[in-house]
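K.L.:
My questions are about this predicted structure, shown below with the sequence.
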Amino acid sequence: MSKQEVVETTEAQIAVHWKEEDYYYPSSKFIGQANLTDPDIFDRFSLDNFPDYFTEYADLLTWYKSWDEVLDSSDAPCYKWFKGGKLNASYNCIDRHLKNNKNKTAIHFVPELEQERVDHITYQELYVRVNEFASLLRKTAGLKRGDRVTIHMPMSAELPITMLACARLGVIHSVVFGGFSASACADRIVDSNSRVLITMDAYYRAGKLLNHKVHADEAVRISAEQGQVVDKVLVWQRYPGKYSSDTPMKGGRDIFVNEELKNHYGARIAPEQMLSEDPLFLMYTSGTTGKPKGCQHGTGGYLAYVTAMSKYIQDIHPEDVYWCMADIGWITGHSFIVYGPLALCASSVIYEGVPTYPDAGRSWRIAQELDVNIFHTAPTAIRALRKLGPEEPAKYNYHFKHMTTVGEPIEPAVWKWYESAVGKGEAIIVDTWWQTETGGFLCSTVPGIKPMKPGSAGPGVPGIHPFILDADGIEIKDVGIAGNICIQNPWPGMFQTIWGDRERFVKTYFADICRDPKSKDWRDWPYLAGDAATMAEDGYFRILGRIDDVINVSGHRLGTKEIESAALVVEEVAEAAVVPVSDEIKGKVPDLYIALKTGVVPTEALARKISDAICDQIGKIAKPRKVWLVPDMPKTRSGKIMRRVLGAISNRGDVGNVMTLANPEIVEEIRIMVQDK
Ligand code: PRX
């Protein structure tokens, strides 16, 4: 990202600018039971005590061997946390709870069809199933410590079972969001060199049983074309004992997990004693270039951090029933459906389907039936639930003590509805700002200590020290002035590197603001998050949005370059430009501008073909709101497409002065086409 781009987009993003709101205070009832109420925490976690203060987080885990060094920065900015320590994530999420809580529910799996029974999986049952599947992975699939495996599965109890079985063996899992296309799955298989793909035959979404196995065949085919052979495809069954897909199984390659598991009944696999710095998983995310980046998360640092965040920011106690609506295929699901809550011995709800299926009361019926008392979702879902059923929460008898919002800025009006209607005025709210790269929260209020402020995430969580830089890299100390939010110090949940691409890791997140590229001192390597933000008088940060070419659709990241390169695969396309458009429900959606090759006639069918190409290559989540087939792109004299101008047209904003463009007349032509006047 060049400095110039930072300035240009920062200004465009400052559209999200709400007035400062009044505080909301936590109730004495909440404070009375909160995990963290000691105001001294912020003194203890001041930079003077860095990095040792993070041992408070590591102490929440069970270690086979304690660490020799809290932080090894000899390869900065690739850090090793709790170096020399040994532990196993699956042991920490399962085995250590058995002594006192083996009969407690670990996972409530809620199928989308309401007539199907909820599956309540105890910690003991989870232990048995993870061990048996780990045995299958080792003996049938031949996986061993350090191997990578790609998992392309829907929301199901089998997904965390699969992840925890990998963790037990020290196999690095790479979960691909179930809604991503075969092609996106193949890219990740190739990048991580996975020779095993784990999938499920089918799942329910909006009342339909979708064929999922078909994507596995396609992904394996595309991977092979790119030189990565997948020799085993492990297929879980949505209904054990029955195949719910009409796609044939390939002999010698495809294995029904539920069948094969019978050969592993009763197996027990001793957890591998992993080094703290060994990778636990990869999670791919979009960036400024076309190729998704595999964020590599370590074992000890990551697990310590998400456990602490779950305990202190989400206030999870073992007796809580906790429901995070995210998909496990995103980082939120990894950290806050699977690893954090299970490390704390909570009961975690996994829901297969759409929150408003079959009606807008569904989520609240689930909350009522399971006695959910901690709820976690994104502004997109809150907006949709408000639009479809503003009166629904009041009809159900559930009570939340705590609610989280994550993934996008939340408008104060939506925040207030969340607080009064969903939370019934009884729940505290934390607005948690973080990223795939960061493993866990960066900014949020500590719910038992700090008041809430609608529209603001809050200060850095204990241990995180944010600050704001202007486009020249000078710190902005004034309140209310937007700039690039950065973190002064490393933290244990931070990703270790981009899989196989240390150079890109350094370049993307550190190089622009590094004080000395040769330094081994963490103080010289602040982290550039890629978001614009302002700070208020009280030290609360308000996140304004991305400063790079990333669009946040429904709280999920999509790279504009990724969508553009998918469009360019269509033969008739000469140029493609993607811009974010504000959307009432999803926050932002992509608008796609296309200039066709000379002589090609623009038709509705061609626009559809381009849109379908994007869904095929990335997934439906990237489907453009509209494909505009324009006669030419607005360009600078040096030939650069002016995305800012296209963005202004799509959002019905001011296009500004365009007279310096190479082709200013095209702007009005496109404006009339898009705005229909
Ligand atoms: O722009 C920020 C936005 O989501 C981006 C991270 O997306 P992803 O890696 O997919 O992780 C999503 C789950 C954490 C950030 O760079 N974002 C995340 N949380 C918030 C947010 N924007 C405003 N407020 C938030 N609470």
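P.N.:
Yep, that arrived.

K.L.:
Now do the residue nearest to A427 when sequence neighbours are not counted against the ligand, distance only.
P.N.:
Ranked by CB to CB, 6 or more residues apart in numbering and with sequence neighbours excluded, the top spatial neighbour of A427 is F400, at 4.1 Å. For the C-beta atoms, the positions are set from N, CA and C on the backbone; glycine is no exception. F400 sits 18 Å away from the ligand, taking CB to the nearest ligand atom, to the nearest Å as the criterion.

K.L.:
Next, F400: phi, psi?
P.N.:
Backbone torsions for F400, taken as degrees, to the nearest 10, come to phi -90, psi 140.

K.L.:
Quick one: end-to-end length of stretch 434-452, please.
P.N.:
From its first residue to its last, stretch 434-452 covers 17 Å (CA to CA, to the nearest Å).

K.L.:
could you check whether it is close to the ligand?
P.N.:
Yes: remark: stretch 434-452 sits within contact range of the ligand at W434, Q435, T436, by CB under 6 Å from any ligand atom.

K.L.:
Buried residues, that stretch. List them.
P.N.:
Burial within stretch 434-452, assessed by neighbour count using 16 or more other CB atoms under 10 Å, is assigned to 434-450, 452.

K.L.:
Chain neighbours aside, what residue packs nearest to F45?
P.N.:
P462 (4.2 Å).

K.L.:
before we move on, what about I222?
P.N.:
The spatially closest residue to I222, leaving aside those adjacent along the chain, is A186, at 3.7 Å (CB to CB, 6+ apart).

K.L.:
Could you do R608 as well?
P.N.:
Setting aside the residues directly before and after it, R608 is nearest to V627 in space (CB to CB, 6+ apart), at 7.8 Å.

K.L.:
same thing with F30?
P.N.:
If the residues on either side of it in the chain are set aside, F30 comes closest to I428, at 5.4 Å by CB to CB, 6+ apart.

K.L.:
That neighbour: neighbouring residues, count only.
P.N.:
The burial metric for I428, expressed as a neighbour count using other CB atoms under 10 Å, is 24.

K.L.:
Ramachandran coordinates for F54?
P.N.:
When read as degrees, to the nearest 10, the backbone of F54 gives phi -70, psi -10.

K.L.:
Look up how far M309 lies from it.
P.N.:
F54 is 12 Å from M309, where distance means CB to CB, to the nearest Å.

K.L.:
I672 too?
P.N.:
Summarising the geometry, the distance separating I672 from M309, computed by CB to CB, is 50 Å.

K.L.:
for the residue nearest to D549 when sequence neighbours are not counted, what are its contacts?
P.N.:
For D549, the nearest residue in space outside its immediate sequence neighbours is T560; the separation is 4.4 Å by CB to CB, 6+ apart. T560 is in contact with D549, V550, I551, A577, V578, V579, P580, P590, R643, counting by CB atoms under 8 Å, 6 or more residues apart in numbering.

K.L.:
which one of those sits closest to the ligand?
P.N.:
Distances from the ligand to the contacts of T560, taken as CB to the nearest ligand atom, are shortest for V550 (7.3 Å).

K.L.:
what sits opposite that closest one in the beta ladder?
P.N.:
As for beta bridges, V550 partners with G559 under DSSP bridges.

K.L.:
ok so, going back, surely the residue nearest to R608 meets I610?
P.N.:
Yes: in this structure, V627 sits in contact with I610. The criterion is CB atoms under 8 Å, and the distance is 5.2 Å.

K.L.:
Now list whatever residues contact both of the two.
P.N.:
Residues within reach of V627 and of I610 at once, by CB under 8 Å, 6+ apart, are L592, I594.

K.L.:
For the helix or strand harbouring V589, give the mean pLDDT please.
P.N.:
Using DSSP states H and E, the element containing V589 is strand 587-596. Strand 587-596 comes out with an average pLDDT of 94.

K.L.:
Just the pLDDT at I121, thanks.
P.N.:
I121 is assigned a predicted lDDT (pLDDT) of 98.

K.L.:
Show me which positions of the longest helix along the chain end up buried.
P.N.:
Here the longest helix in the chain is taken by residue count, with DSSP state H as the criterion, and it is helix 123-139. Along helix 123-139, the positions that meet the burial threshold by neighbour count (16+ other CB under 10 Å) are 123-138.

K.L.:
where does the protein come near the ligand, residue by residue?
P.N.:
Checking the chain against the ligand by CB under 6 Å from any ligand atom, the hits are 285, 331-332, 406-409, 431-436, 457, 530-531, 543, 545-546, 552, 555-557.

K.L.:
Take these and keep only those in strands.
P.N.:
Among the residues of the chain next to the ligand, the residues falling in strands (DSSP state E) are T285, V406, D431, T432, G530, D531, I543, G545, R546, N552, H556, R557.

K.L.:
Farthest pair within the residues you listed?
P.N.:
Greatest spatial distance among those (CB to CB): T285 and D431, at 20.7 Å.

K.L.:
what about the two, which has more around it?
P.N.:
For T285 against D431, the residue with the higher neighbour count under other CB under 10 Å is D431, and the figures read 27 against 20.

K.L.:
In the stretch 301-450 of the chain, which residue sits closest to the ligand?
P.N.:
Proximity to the ligand, evaluated over the stretch 301-450 of the chain using CB to the nearest ligand atom, is greatest for T436 at 3.4 Å.

K.L.:
one step back: pretty sure the residue nearest to I222 belongs to a helix, no?
P.N.:
Yes: with DSSP: H, G, I helix; E, B strand; the rest coil as the criterion, A186 is part of a helix.

K.L.:
And the pLDDT for it?
P.N.:
97.

K.L.:
Tell me where the model's unsure across this structure.
P.N.:
Under the criterion pLDDT under 70, the flagged ranges of the chain are 1-17, 288-290, 677.

K.L.:
again, only this time at 80
P.N.:
Counting by pLDDT under 80, the chain contains low-confidence residues at 1-18, 287-291, 555, 638, 677.

K.L.:
Give the residue farthest from the middle of it.
P.N.:
Relative to the mean C-alpha coordinate of the chain, counting by CA atoms, centre = their mean, the farthest residue is G599 (42.3 Å).

K.L.:
In the stretch 551-677 of the chain, which residue sits closest to the ligand?
P.N.:
Closest point on the stretch 551-677 of the chain to the ligand, by CB to the nearest ligand atom, is R557, at 4.0 Å.

K.L.:
so what's the closest residue in space to that residue that isn't next to it in sequence up against?
P.N.:
Closest residue to R557 in three dimensions, ignoring its sequence neighbours and counting by CB to CB, 6+ apart: S286, at 4.6 Å. With contact taken as CB under 8 Å, 6+ apart, S286 is in contact with P292, K293, V550, R557, L558, G559, E562.

K.L.:
So what touches stretch 633-650?
P.N.:
Taking contacts as CB under 8 Å, 6+ apart, the residues outside stretch 633-650 that touch it are 8-9, 12, 560, 575, 577-581, 591, 593, 595, 653-656, 658, 660-664, 666-667, 670-671, 674-675.

K.L.:
Restricting to C-alpha, output that stretch in PDB.
P.N.:
In PDB, the C-alpha atoms belonging to stretch 633-650 read as follows (Å, rounded to 0.1, in the frame of the first residue of the first chain):
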ATOM      1  CA  MET A 633     -13.500   3.800 -17.300                       C
ATOM      2  CA  PRO A 634     -12.700   7.300 -15.900                       C
ATOM      3  CA  LYS A 635      -8.900   7.500 -15.900                       C
ATOM      4  CA  THR A 636      -6.200   9.800 -14.900                       C
ATOM      5  CA  ARG A 637      -3.800  11.000 -17.600                       C
ATOM      6  CA  SER A 638      -1.400   8.300 -16.500                       C
ATOM      7  CA  GLY A 639      -4.100   5.700 -17.200                       C
ATOM      8  CA  LYS A 640      -5.100   4.800 -13.600                       C
ATOM      9  CA  ILE A 641      -8.800   3.900 -13.100                       C
ATOM     10  CA  MET A 642     -10.400   6.500 -10.800                       C
ATOM     11  CA  ARG A 643     -12.200   4.200  -8.400                       C
ATOM     12  CA  ARG A 644     -13.000   7.100  -6.200                       C
ATOM     13  CA  VAL A 645     -15.100   8.700  -8.900                       C
ATOM     14  CA  LEU A 646     -16.900   5.400  -9.600                       C
ATOM     15  CA  GLY A 647     -17.500   5.000  -5.800                       C
ATOM     16  CA  ALA A 648     -19.000   8.500  -5.600                       C
ATOM     17  CA  ILE A 649     -21.400   7.700  -8.500                       C
ATOM     18  CA  SER A 650     -22.500   4.300  -7.000                       C
END
